[in-house]
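# Need a 3D model of the sequence below.
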Amino acid sequence: MKLTENFSLNELTKSQTAERKGIDNTPSAEHQENLKSLCEMILQPIRDHFGQVVSVSSGYRSPELCVAIGSSTQSQHAKGQASDFEIFGVSNKELADYIDQNLDYDQLILEYWKGEDEPNSGWVHCSFNTQGNRKQYLRAYKENGSTKYEPI
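Below you'll find the predicted structure:
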């Protein structure tokens, strides 16, 4: 099922962990609608702007998959509202800044980016909420073995 011109439901639900553990990662109709909105409002505009493949590493996660990977079942991934992605050859900071300056989003996290010396380190997490967006832009990093967040 196509969600937009360049994004499919399969792409936003694919999980090696789910496949390996036999976990059903099929989103409900409501979660599919959220994924469609995420693609229409975030992922497709990014693809159109940069003219390059947006590589999705994580999209929808069923509650069982969330538990299996140590994520919260309350995560926006579990609602079909979030995706982790990058564009190979484009700095993740440049990508996140583009989103912040040009798109309406709920939460944008530049995850584990190590700076200009490693422009493709980490990835970008972005969510979209049809019920209203916070425009919260954060950076995630490790400190003493724990993930910390700070506003950008």
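
# how about the closest residue to Met41 other than its chain neighbours, what does it touch?
In this structure, Met41 finds its nearest non-sequential neighbour in Phe128, 4.9 Å apart by Cβ to Cβ, 6 or more residues apart in numbering. Quick note: C-beta positions are derived from backbone N, CA and C, even for glycine. Residues near Phe128 by Cβ atoms under 8 Å, 6 or more residues apart in numbering: 34, 37-38, 41-42, 81-82, 104-106.

# And Phe128, its phi and psi?
Here is the backbone geometry of Phe128 (degrees, to the nearest 10): phi -140, psi 130.

# and if you look at the one 10 residues further on?
With angles defined as degrees, to the nearest 10, Leu138 sits at phi -130, psi 160.

# go on, the one 4 residues further on?
The phi and psi values for Lys142, taken as degrees, to the nearest 10, are phi -100, psi 140.

# where's Ile42 relative to Asp117, distance?
Taking Cβ to Cβ, to the nearest Å as the measure, Ile42 and Asp117 are separated by 28 Å.
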